[in-house]
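**Student:** For reference, the sequence and a predicted model appear below.
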Amino acid sequence: MKSETQSLLAKADRSVVAARMLNDEGHTDFGASRAYYAIFYVAEALLLERGLSYSSHAALIGAFGREFAKTAVLDQKFHRYLIDAQDLRNIGDYAIGQEIAEDQVNLMCGWADEFLRAARKFLEE
């Protein structure tokens, strides 16, 4: 595994921890953003292992879908997690008058944990 990949997975771990801390303190919008980035970093790490790098979120999400979901290399639900987490992050970061619920952030953190485990298992094989 590339050192950059390991660094991204470690960053994903730290992002989940930060998301939970923010959520516990009532900062659900910011917790959602950190949870999304945890998921994003995992997808970025997996693509990086294939020599692929992208400069936009949309490009990375699309590439993850092509490389890992459509081909069933990993469960398609991880692509769905990435898409849904981005939608929630966008609400948290940009929406006025709309709030992210604590249980939504908890769900996103669960997605991130599950995705991290799957990615590590895949990369170890």
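**Tutor:** Sure, I can see it. Numbering: from 1, shown residues only.

**Student:** Now for the nearest residue to residue 26 once chain neighbours are set aside: which residues touch it?
**Tutor:** Among residues not flanking residue 26 along the chain, residue 102 sits closest, at 8.0 Å (CB to CB, 6 or more residues apart in numbering). C-betas here are computed from N, CA, C, even on glycine. Listed by CB atoms under 8 Å, 6 or more residues apart in numbering, the contact set of residue 102 reads 23, 26, 28.

**Student:** residue closest to the middle of the protein?
**Tutor:** residue 39 (0.9 Å; CA atoms, centre = their mean).

**Student:** got a pLDDT number for that residue?
**Tutor:** The score at residue 39 is 98. That number is its pLDDT.

**Student:** okay, now the closest residue to residue 36 other than its chain neighbours: neighbour count?
**Tutor:** Closest residue to residue 36 apart from its sequence neighbours, by CB to CB, 6+ apart: residue 89 at 3.6 Å. Using other CB atoms under 10 Å, residue 89 has 23 neighbouring residues.
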